[in-house]
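Trainee: This is a predicted model, with the sequence first.
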Amino acid sequence: MSSSQNATGRIALVLQGGGARGAYHVGAIKALAEIAGPGRSPFQIICGASVGAINASAVAVASTDFRAGAEHLEELWRGLDSSAIFDTRALPLIATGARWAMTPVLGPFGVRTTGGILDYAPLDRLLQREFSQARLRHAITSGALHAICITATSYTEGISVTFFQGIDEIADWERARRRGARVALGPQHLLASAALPFAFDPVRLDGGFFGDGALRLSSPLSPAIHTGADRILVITTRDGIPDRPDTPKASPSLGAMAGHALDILFNDNLEADYERLTRINQTVSLLSPEARGQTPLKEVEALMLRPSKDVRTIAKALSADLPRVLRVMVRGLGGAEGDGQIESYMMFEPAYIARLIDLGHADTMAREAEIRGFFGLG
């Protein structure tokens, strides 16, 4: 990919959150590896938040052999079930749920409920096993990787923090309610980025507590731009088809509202930032060469890959695959009456994962000509 890199500048891959919907990333990455061909990754900058951080790290450490990395990532995801992400045993979940339910009663007596409903110890073990700092350093020193950015939300500071590792010339940055900090990345940074509030405990890191990276990430494309991207390929997990208005039969349940909250958290800021970048590109393109020299703005070409189908319908059809205790919890929240939105983020089960991987692969291959042009492959 060295010739296309020279022709197109640095290309960044941006992966946002989405829980189990992250399987769509995997199918798209598999197709991108097939399109790019053997050798180094076409992406010199990799950025992710939440489950996107986990997938981003897998792509980054395999920068010297993109196809092998994509194959390993697919194998890993196809071997998952919910028990690989959180403790699915009934008794611990019931005990935690009861403790949360009693909080309003016991709170006045000084009994506090902290943490999340789900125990992420299995995910922690998975990340400890899979992440390799040595391979990441090799990717950077070999020149295959310029930078990797992992974003988490600091509960301590009340800001978005992008932890990055890359070439020495990249400096820390600070903007309104967000900053970039150079670190030696480790599994705990990935776990912190994926620690969804209420579901998972905050992660103690660098003297503070951190949670899901999508919470305060108002500009998901900014880490890629700060670290030197000239082009950005974005993989999102929500289709672009607006929901049709419907006459509500009743007030939305707690589960339905939780599903909408997840949808907003993982997708709205990314889509808004993508639109903002498109508008900036249009504005810069109208400037004369002299005017361009007087502004810090530059054109950053962007391409978004997204599902061609509503993944909620896939999740709804397969909702019986959820572990029994989770089905009971979703039903208790009223989510079982919904459109599959909350299940689409929670269902780390083989049939659902396989459907999303296959969908991501098919959607991306359908745009092969466009992607080859974006990569500079002719």
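Mentor: That came through, no problem. Numbers count the residues shown, from 1 in each chain.

Trainee: Report the central residue of the protein.
Mentor: Most central residue of the chain, judged by C-alpha distance to the mean C-alpha position with C-alpha atoms, centre = their mean, is G52 at 2.3 Å.

Trainee: If we go by neighbour counts, what in stretch 356-367 is buried?
Mentor: Across stretch 356-367, burial judged by 16 or more other C-beta atoms under 10 Å covers 356-357, 359-361, 363-365, 367. Just so you know, the C-beta spots here come from the backbone N, C-alpha and C atoms, and that holds for glycine as well.

Trainee: and I148, which of the three is it?
Mentor: In three-state terms, and counting by DSSP: H, G, I helix; E, B strand; the rest coil, I148 is strand.

Trainee: Mind jotting down where the strands sit in the protein?
Mentor: Here the chain has its strands, by DSSP state E, at 11-15, 45-49, 147-154, 159-166, 173-175, 178-182, 203-205, 208-211, 231-235, 301-305.

Trainee: if I look at the closest residue to R292 other than its chain neighbours, how far off is L277?
Mentor: In space, and not counting its chain neighbours, R292 is closest to V284: 6.6 Å by C-beta to C-beta, 6 or more residues apart in numbering. From V284 over to L277 the distance is 10 Å, taken as C-beta to C-beta, to the nearest Å.

Trainee: just checking, the residue nearest to R292 touches V300?
Mentor: No - taking C-beta atoms under 8 Å as the contact criterion, V284 and V300 are not neighbours in contact, 9.1 Å apart.

Trainee: More neighbours: which of those two?
Mentor: The neighbour count for V284 versus V300, taken as other C-beta atoms under 10 Å, is higher for V300 (19 against 15).

Trainee: Report pLDDT for the more buried one.
Mentor: The confidence metric pLDDT takes the value 95 at V300.

Trainee: what's the answer for the one 5 residues further on, then?
Mentor: The per-residue pLDDT reported for L305 equals 98.

Trainee: in the stretch 251-378 of the chain, which ranges drop under the pLDDT threshold?
Mentor: Segments of the stretch 251-378 of the chain classed as low confidence (criterion: pLDDT under 70) are 332-338.

Trainee: need the helices for it, in chain order.
Mentor: In order along the chain, the stretch 251-378 of the chain carries the following helices (DSSP state H, counting those that start in this stretch): 254-263, 269-285, 289-292, 311-317, 324-332, 341-346, 350-365, 368-375.

Trainee: Indicate which one of these is closest to A194.
Mentor: helix 341-346 (12.0 Å; C-beta to C-beta).

Trainee: The closest one packs against which elements?
Mentor: The contact analysis (3 or more C-beta pairs under 8 Å, 6 or more residues apart in numbering; DSSP states H and E) places helix 341-346 against helix 254-263, helix 311-317, helix 324-332.

Trainee: Please tell me how far the last one is from the chain's geometric centre.
Mentor: By that I understand helix 324-332. Remark: helix 324-332 is offset 25 Å from the chain centroid, using C-alpha atoms, centre = their mean, to the nearest Å.
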